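**Q** Sequence and computational prediction follow.
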2 protein chains.
Amino acid sequence: MNTPMKQTAVVISQPGGPEVLLPAQVLVPEPGPGQLLIRVAAAGVNRHDCLQRAAGIHHDGSPVPGLEAAGEVVARGPGVTGFAPGDRVMALLQGGGYAQYALAEAAVTMPVPEGMEMVEAAALPEALFTAWWNFFFLMNLAPEDFALIHGGTSGVGHLALQAMSALGYRVLATAGSTAKVEAARGFGAFAAFSYREEALAEAVLAATGGQGIGALLDVSAGAHLAQDLAMMAPEGTIAHLSAGGGAALSVPLRPLMAKRVRITGSLLRPLETARKAEVAQLLRRDVWPLLGDKVRPTIAASYPLAEAAEAHRDMEKGSHIGKFVLVT
Amino acid sequence: MNTPMKQTAVVISQPGGPEVLLPAQVLVPEPGPGQLLIRVAAAGVNRHDCLQRAAGIHHDGSPVPGLEAAGEVVARGPGVTGFAPGDRVMALLQGGGYAQYALAEAAVTMPVPEGMEMVEAAALPEALFTAWWNFFFLMNLAPEDFALIHGGTSGVGHLALQAMSALGYRVLATAGSTAKVEAARGFGAFAAFSYREEALAEAVLAATGGQGIGALLDVSAGAHLAQDLAMMAPEGTIAHLSAGGGAALSVPLRPLMAKRVRITGSLLRPLETARKAEVAQLLRRDVWPLLGDKVRPTIAASYPLAEAAEAHRDMEKGSHIGKFVLVT
């Protein structure tokens, strides 16, 4: 099979709303050392893509968004072992997923299990890498600790709940509506609550038998930090995934000091490949055996690649459960 | 020697300025299990005491402030080994140091080295426990990391600089005046700067060869957090000792996430005795051999116990270097 010189991709034509996502003809990239070229069958849509679009950021010089994809290996760069052309794979990307062809580091590329659809596989990498990196590397979650995810039906949330609960971790969740709270329980939440509940911290503490939360993953830029501090276990860690609008986080120092809580945060995309590769190894060992069985993404909707703008519109409505995926 | 029933102590008579510290007759306490009764020769004065006085807090029901003292063991509670009446000791206290007699947990009581004056010994426990707990337990300082202390001539700062630099750690410091910056260098700072310097973060980064700070101890309640984040190494930790006036800390999330910096804090006094005992073991092993030689407190001034109010006035002026001590 010959790889063409040019391909159709969706680009961020300028900073703005979903309508700035436009199909364009771009060059098919060449895999460098350690890289694979993947013919994309499906690409996951992430909130990061919406923020990137609104700000008009071209990561690494490329106007094509997309942090994850599933498809078939079509070419290997120098030094790549363990993958061959024709392999069905999914990968965490540095961008470029909204396209017919995308480059991936082999170190963060994983096999698609037998019988799993590409549209499902494309929904997994960003969520699972994010959950594993945050809980098991950044926060060092111990088996005896309780974890909590704000946004239990989000892309990250619903997959983290399934994978972590299948492995015996006790993960609590919050969500924004009765239906989402119910869905979070279905994904395996040890307990789930509306984050609008006034006595949220008390309810969470009671659900943990008073122990409190050892590791809390927050995508809300600290929207409910006073509650968060009140529900933490001593020396627990809060990790932030999102800087929100860039406003400063207001941290009440007294309760932080009284419990010696740690507040941190990270960005997955700029993380060194070597560290992502460590995350990949742990995922292959612990989560890949569960895929398709105990861990299966909920696809909120899928769209043809050319309708990426529609996917962004739906994501920004915020009423979905699970993941949006683009198909080529 | 008979221990009297009553003694003179200085009490917080009501919330307020230094003048609310008044001498009073109080009962001499009896040592409980694991405790020692110490006849106090000298007691260290700490900023915590000033905050406690202003707020009128009576820790554990006692109106007598004072978190550290040096003196002679006069009685042992049940189960105490390793100390005998007549031993010259210094101890970290839960309060009660501004008195002729004070209770101490044997687990956080340490011998006064030969040839060291009691007034010097009384200036050591709070500073050394604070530094060791924060850097080696809460922040896990590694030998290859750079540390930084805001307030390099404070009670904690000047002793931490001496002890840590003698052990080979590279500790930078800030201070509020040219004289204090010079003094911090004299205490062993790897580099020292005015914290009023506009390009402070750049100067600190340059001094570390670009590596940045791995562990930063802040007593200022985050007064210069934007600078702090800019001078941190990736995955470095900032530990807060003081909640300041209780106002919230404003944390810019983007730079925190970009470097995966951890922000935490702690209070030494309410920490479980078992954990303080672990700190004590490390101090005895690493710092006690250096006392009187490479580690020696600077006594800014000493006062008779009855003049505790004067000591508080001088501490709140903030122009001193080192420690204030009360002598009985």
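**A** Cool, the structure landed.
**Q** average pLDDT for stretch A:131-147?
**A** Average pLDDT, stretch A:131-147: 97.
**Q** Kindly provide the distance from A:Arg296 to chain B.
**A** Using CB to the nearest CB, to the nearest Å, A:Arg296 is found at 30 Å from chain B. For every residue, glycine as well, the C-beta is placed using N, CA and C.
**Q** Let me see the ranges of the strands in the stretch 51-200 of chain A.
**A** Applying DSSP state E, counting those that start in this stretch to the stretch 51-200 of chain A gives strands spanning A:68-76, A:88-92, A:101-105, A:109-111, A:146-150, A:170-175, A:191-194.
**Q** Tell me which of those approaches chain B most closely.
**A** strand A:146-150 (14.6 Å; CB to the nearest CB).
**Q** Tell me what angle that closest one forms with strand A:170-175.
**A** On the basis of axes from the mean of the first three to the mean of the last three CA atoms, to 10 degrees, strand A:146-150 is oriented at 20 degrees to strand A:170-175.
**Q** What helices and strands are in contact with strand A:146-150?
**A** Under the contact definition 3 or more CB pairs under 8 Å, 6 or more residues apart in numbering or on different chains; DSSP states H and E, strand A:146-150 sits against helix A:155-166, strand A:170-175, strand A:213-218.
**Q** Restricting to C-alpha, output the first one in CSV.
**A** The one in question is helix A:155-166. In CSV, the C-alpha atoms belonging to helix A:155-166 read as follows (Å, rounded to 0.1, in the frame of the first residue of the first chain):
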residue,chain,number,x,y,z
GLY,A,155,-13.8,11.0,29.1
VAL,A,156,-11.2,10.5,31.8
GLY,A,157,-13.7,9.9,34.6
HIS,A,158,-15.8,7.1,33.2
LEU,A,159,-12.7,5.1,32.0
ALA,A,160,-10.7,5.7,35.2
LEU,A,161,-13.7,4.5,37.3
GLN,A,162,-14.0,1.3,35.2
ALA,A,163,-10.3,0.4,35.1
MET,A,164,-9.5,1.4,38.7
SER,A,165,-12.5,-0.2,40.3
ALA,A,166,-11.8,-3.4,38.3
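**Q** Which neighbouring elements make contact with that helix?
**A** Applying 3+ CB pairs under 8 Å, 6+ apart, one finds that helix A:155-166 contacts helix A:125-132, strand A:146-150, strand A:170-175, helix A:178-186.
**Q** So for stretch A:64-73, first residue to last residue, what's the gap.
**A** With CA to CA, to the nearest Å as the measure, stretch A:64-73 spans 19 Å from end to end.
**Q** Measure how far it is from the centre of its chain, please.
**A** 14 Å (CA atoms, centre = their mean, to the nearest Å).
**Q** now do stretch A:51-58
**A** 18 Å.
**Q** is chain B contacted by it?
**A** No - using CB under 8 Å from any CB of the partner chain, stretch A:51-58 stays clear of chain B, with a minimum separation of 11.7 Å.
**Q** which residue ends up closest to the midpoint of chain A in space?
**A** Nearest residue to the geometric centre of chain A (CA atoms, centre = their mean): A:Ala127, 2.7 Å.
**Q** of all the strands of the stretch 51-200 of chain A, which lies closest to B:Val89?
**A** Nearest of the strands of the stretch 51-200 of chain A to B:Val89, taken as CB to CB: strand A:146-150 at 41.8 Å.
**Q** what does chain A have sitting close to chain B?
**A** Counting by CB under 8 Å from any CB, chain A sits next to chain B at A:138, A:221-222, A:237, A:240, A:242-244, A:246-254, A:256-258, A:260-267, A:270.
**Q** Buried members of those into PyMOL, please.
**A** The PyMOL command for the buried members of those (criterion: 16 or more other CB atoms under 10 Å in any protein chain shown) is given here:
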select buried, chain A and resi 138+221+222+237+240+242+243+244+248+249+251+252+253+254+256+257+258+260+261+262+263+264+265+266+267
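**Q** So which of the residues of chain A next to chain B sit within helices?
**A** Applying DSSP state H to these, the entries found in helices are A:253-254, A:256-258.
**Q** Appreciated, that's everything.
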